[in-house]
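S.K.: sequence plus predicted model, see below.
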Amino acid sequence: MALEKHDPVTGQTTTGHEWNGIEELDTPIPRVALFFLVTTALFALGYWILMPAWPLGVTYTRGLLGFDQREVVTRQVETAAAERAGWADRVMALDYAGVQADPELMRIVGETGHALFGDNCAVCHGTDGRGSRGFPDLTAGAWLWGGEPETIHETIRVGINSGHDETRMSQMMAFGRDGVLEREQVRAVAAYVRSLSQPEALAGDARIEEGRQIFAENCASCHGEDATGMVETGAPNLTDDVWIYGGDAQSVYASIHGGRQGHMPHWEGRLKPLDLKILALYVHGLGGGR
Ligand code: HEC
Ligand code: HEC
């Protein structure tokens, strides 16, 4: 055993260990460390007694305070369900106008509808509902099947050209490809169609008169005499500048030559009746209620 040795500089005793001439001072553990050690040990002891702590096989020490996080969560879930049931029942019980007249319900419809739309519809219609080529812009107020909450609800419920028994059905035939119209006739009617929404760009185009004739004979049955569309056939309004597939010469020609048939999935059976109603109200709002 080494004798008690003192460090010549500080006068402190050393532990006697030496590494290459460097010796370790024998400093005691600071009091503050001991203090914290004791306090935390006491705290742990208190905690074990008061709170649920030690597992005992099938059960555990429950603690004197009887605190149970599971009960807290169960209570929170129950409160949330009760709150939801409150507004959900009201949304289901009221008609559309009734829900729309209630600002508090409409606030919830807006939030829930936005989440539902993001989860189910945004892949095709975009997160903002503005759509993209082939997927209609739901904010434009230019409705294929009608823009009332009831008709929007029906579209979402059964889909368009979907697998649902009651699906909405629509088809724009391939007038060019199927040989109903000659290439020049397709050009002429395309020019006429474009002149309806872009009169300046097409002013003086000699084919427009011929196109008007062709339209009356071949297209008016679905798009209407004045080409403003028909909700009965799901045929779009061709006189506004809102296009599903594009309003430039090439796109309009392609629509008439090759036909179009959009597919909108049906949501009955995949979404709850409450969610369908919320989405109908939400989409109606996207189109500015038009
Ligand atoms: C797989 C792509 C796809 C998804 C997902 C989708 N839609 Fe559609 N939706 C379409 C297409 C395509 C059309 C247009 C069909 C046509 O051209 O006839 C359409 C049309 C509509 C229309 C009719 C618009 C009008 O002018 O009448 C509504 C309303 C609509 N969608 C709402 C929704 C809602 C709400 C959801 C989510 C629950 C949704 N869509 C999900 C592709 C989709
Ligand atoms: C049987 C009914 C029907 C007839 C007849 C018909 N269309 Fe259509 N048309 C539709 C439908 C439905 C759509 C929408 C298709 C879709 O969105 O999937 C459409 C879409 C179009 C589009 C694309 C519009 C856009 O927003 O991009 C153009 C252009 C068009 N039709 C022009 C014509 C012309 C021109 C004729 C006559 C030569 C004609 N249609 C005859 C039903 C018809």
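M.R.: Cool, the structure landed. Ligands and ions are numbered 1, 2, ... in the order given.

S.K.: tally of neighbours for the closest residue to Pro236 other than its chain neighbours?
M.R.: When the adjacent residues along the chain are set aside, Pro236 lies closest to Gly229, with 5.0 Å between them (CB to CB, 6 or more residues apart in numbering). Any C-beta I mention is one placed from the backbone N, CA and C, and that applies to glycine too. Per other CB atoms under 10 Å, the neighbour tally for Gly229 reads 21.

S.K.: need phi/psi at Gly229.
M.R.: With angles defined as degrees, to the nearest 10, Gly229 sits at phi 90, psi 160.

S.K.: contacting residues for it?
M.R.: Applying CB atoms under 8 Å, 6 or more residues apart in numbering, we find Gly229 in contact with Leu144, His223, Ala235, Pro236, Asn237, Leu238.

S.K.: ok, the fourth one to Ile160 distance?
M.R.: As judged by CB to CB, to the nearest Å, Pro236 and Ile160 stand 12 Å apart.

S.K.: likewise the second one?
M.R.: Distance check for His223 against Ile160: by CB to CB, it reads 17 Å.

S.K.: measure Thr228 to Gly159 for me?
M.R.: Taken as CB to CB, the span from Thr228 to Gly159 is 24 Å.

S.K.: cool, and Thr61?
M.R.: Counting by CB to CB, the gap from Thr61 to Gly159 is 58 Å.

S.K.: the more surrounded of those two?
M.R.: Using other CB under 10 Å as the criterion, Thr61 and Gly159 rank with Gly159 on top: 20 against 13.

S.K.: which residues touch the spatially most central residue of the chain?
M.R.: The chain has Gly118 as the residue nearest its centroid, 0.6 Å off, counting by CA atoms, centre = their mean. Gly118 is in contact with Thr127, counting by CB under 8 Å, 6+ apart.

S.K.: could you pull up the mean pLDDT of the helix or strand that contains it?
M.R.: Gly118 is located in helix 103-120, with elements delineated by DSSP states H and E. Helix 103-120 shows a mean pLDDT of 96 in the predicted model.

S.K.: next helix or strand past it?
M.R.: Remark: after helix 103-120, the chain's next helix or strand is helix 122-125, criterion DSSP H and E.

S.K.: how about that following helix and ligand 2, touching?
M.R.: No. For a cut-off given as CB under 6 Å from any ligand atom, helix 122-125 has no contacts with ligand 2; the smallest distance is 12.5 Å.
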